[in-house]
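Q: give me a model of this one.
(one chain, ligands or ions: 1)
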Amino acid sequence: MANLFNYKRLKLVLILLFIGLLFTRSQTKQAASWGFAGHQRINEFAVYLLPAELQAVFMQHLPYIVSQSVAPDQRRYAVQQEAARHYIDLDHYYTKGQDPFWNLPQNWQEAVDCHTEDSLQAYGIVPWHVVRMKYRLQKAFEEHNLTLVLKYAAEIGHYIADAHVPLHTTENYNGQLTNQYGIHGLWESRLIELQAENYNYWIGKAKYLPSVQKEIWAAVRASHAALDSVLKFERQVSAQIGPAEKYSYEQRGSTLTKVYARKFCEAYHKSLNGMVERRLRAAILMVSSVWFTAWVDAGQPDLSRLKLEAHSKTENLDEDTIQKTSSRWKQRSCH
Ligand SMILES: [Zn+2]
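A: Prediction:
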């Protein structure tokens, strides 16, 4: 029987983990989605919204849930199928100015029949992958396999978080098509780094979601609806501030790194009028709600029966199959 956690000690471990990851990030200059800090924060706060019974289990493994929130980004270069799970290029589905969603079935098989699997993979599959991961998580609960519950819970948190980022819904994911190169890291890493401590995390409680599929598509739609503002305000604030004051240099580990200047970030953040905070809060609520829903849909198994397993037959091996990275996936480095 595991003890209830020691909260102070856990906090200390988390802080050390967080500092360690920040350091790692500064050394590798990895452009991760939501930044490492954003993903970790989303998974951590999602745990706090869970009902007490489920929360007790997740709290015992909080450092794992938090650290594994970035695992899907870390294996992006090793697993060929991974990259497409983090985004959906909705631009591809606009035809004659039509709403891109009209011709985009939410059901995976219908989408494959309509567009072919190769095409879906080429333009990103994040909403379908979230639904697939939810079933894996549900199955892990049904089998009382705590190892897989924790793995899938942490990783679905990542994909849901990515679906809440406007720039994960477009081919212009890093502003490269509109001369705004670098906007991806600006929106989801730099702004979070400077502002996340000021956000309101009083979000409420996890909710049961009758249709995870419907919810994740609604999240993607809301992300995409915010895309115009993400690009437009960056252009406006850049014009106001001017190129000389847009960037500055900050010490990161042993290197001096060019970053968006604080003054520019503050002005951009203000012009977005709470958008980053709203998307972050929505992501936290949905992650927590999907974890809770998977447990309910598994028939609310007795959580004291969950067991850590060394190995599982049901684990999808493609996650661990190391494949040669093609140049095509490397190009998508920002997703
Ligand atoms: Zn990602």
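
Q: for the rest of this, base every contact and every neighbour count on C-alpha atoms.
A: Fine.

Q: which residues touch the closest residue to I42 other than its chain neighbours?
A: In this structure, I42 finds its nearest non-sequential neighbour in I284, 5.0 Å apart by CA to CA, 6 or more residues apart in numbering. Shown in contact with I284 (CA atoms under 8 Å, 6 or more residues apart in numbering): I42, N43, F45, A46, A161.

Q: need the contact list for the second one.
A: Contact criterion CA under 8 Å, 6+ apart gives I65, V66, S69, A154, G157, H158, I284, V287 as the residues in contact with N43.

Q: how about CSV for those residues, with secondary structure added?
A: Listed next are the contacts of N43 as CSV, based on DSSP: H, G, I helix; E, B strand; the rest coil:
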residue, secondary structure
I65, helix
V66, helix
S69, helix
A154, helix
G157, helix
H158, helix
I284, helix
V287, helix
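
Q: quick revisit: of the contacts of I284, which belong to strands?
A: Nothing among those maps onto strands, per DSSP state E.

Q: state the pLDDT value of the most centrally placed residue in the chain.
A: Centroid check for the chain by CA atoms, centre = their mean gives A161 as the closest residue, at 2.8 Å. Per-residue pLDDT puts A161 at 98.

Q: residues in contact with it?
A: With CA under 8 Å, 6+ apart, A161 has these contacts: W34, H39, I42, L280, A283, I284, V287.

Q: what's the closest of these to the ion?
A: The ion has its nearest neighbour among the contacts of A161 in W34, at 7.4 Å by CA to the ion.

Q: if I look at whatever residue of the stretch 101-250 of the chain ends up closest to the ion, how far off is L280?
A: As assessed by CA to the ion, the ion sits closest to D162 within the stretch 101-250 of the chain, at 5.5 Å. Per CA to CA, to the nearest Å, D162 is found 10 Å from L280.

Q: quick one: mean pLDDT for stretch 122-142?
A: Summarised as a single mean, pLDDT over stretch 122-142 is 98.

Q: what's in contact with it?
A: 83-90, 92, 106-108, 146, 148-149, 152-153, 156, 159-160, 162-163, 212-213, 216-217, 220, 290-291, 294-295, 297-299, 301, 306.

Q: so of these, which ones are in helices?
A: 108, 146, 148-149, 152-153, 156, 159-160, 162-163, 212-213, 216-217, 220, 290-291, 294-295, 297 (DSSP state H).

Q: and stretch 96-116, what's buried?
A: Buried residues in stretch 96-116, counted by 16 or more other CA atoms under 10 Å: P100, L104, Q106, W108, A111, V112.

Q: helix, strand or coil for the closest residue to the second one other than its chain neighbours?
A: Counting by CA to CA, 6+ apart, L104 lies nearest to A111, which is 6.4 Å off, once chain neighbours are set aside. Reduced to three states with three-state DSSP, the structure at A111 is helix.

Q: residues in contact with the nearest residue to A226 once chain neighbours are set aside?
A: Leaving out its chain neighbours, the residue that sits closest to A226 by CA to CA, 6+ apart is P166, at 6.0 Å. Contact analysis of P166 by CA under 8 Å, 6+ apart lists V220, S223, H224, A225, A226, L227, V230.

Q: redo that, cut-off 10 Å
A: 87, 173, 184, 187-188, 219-231, 276, 279 (CA atoms under 10 Å, 6 or more residues apart in numbering).

Q: ok, M275 next?
A: W187, S223, A226, S229, V230, H269, R281.

Q: do you know the pLDDT at it?
A: pLDDT recorded at M275 is 97.

Q: parallel or antiparallel, list what pairs with the helix or strand encompassing Q251.
A: Using DSSP states H and E, Q251 sits in strand 247-252. Applying DSSP bridges to the sheet, strand 247-252 is found paired with strand 255-260 (antiparallel).

Q: show me which positions of the partner strand end up buried.
A: V259, Y260.

Q: what residues does that strand touch?
A: 26-27, 29, 182-183, 185-186, 190-191, 245-252, 265.

Q: also stretch 231-247?
A: By CA under 10 Å, 6+ apart, the list of residues contacting stretch 231-247 reads 166-167, 172, 175, 178-180, 183, 186-187, 229, 258-272.

Q: swap in stretch 222-230?
A: Contacts for stretch 222-230 (CA under 10 Å, 6+ apart): 88-91, 162-170, 173, 175, 183-184, 187, 216-219, 235, 268-269, 271-272, 275-276, 279.
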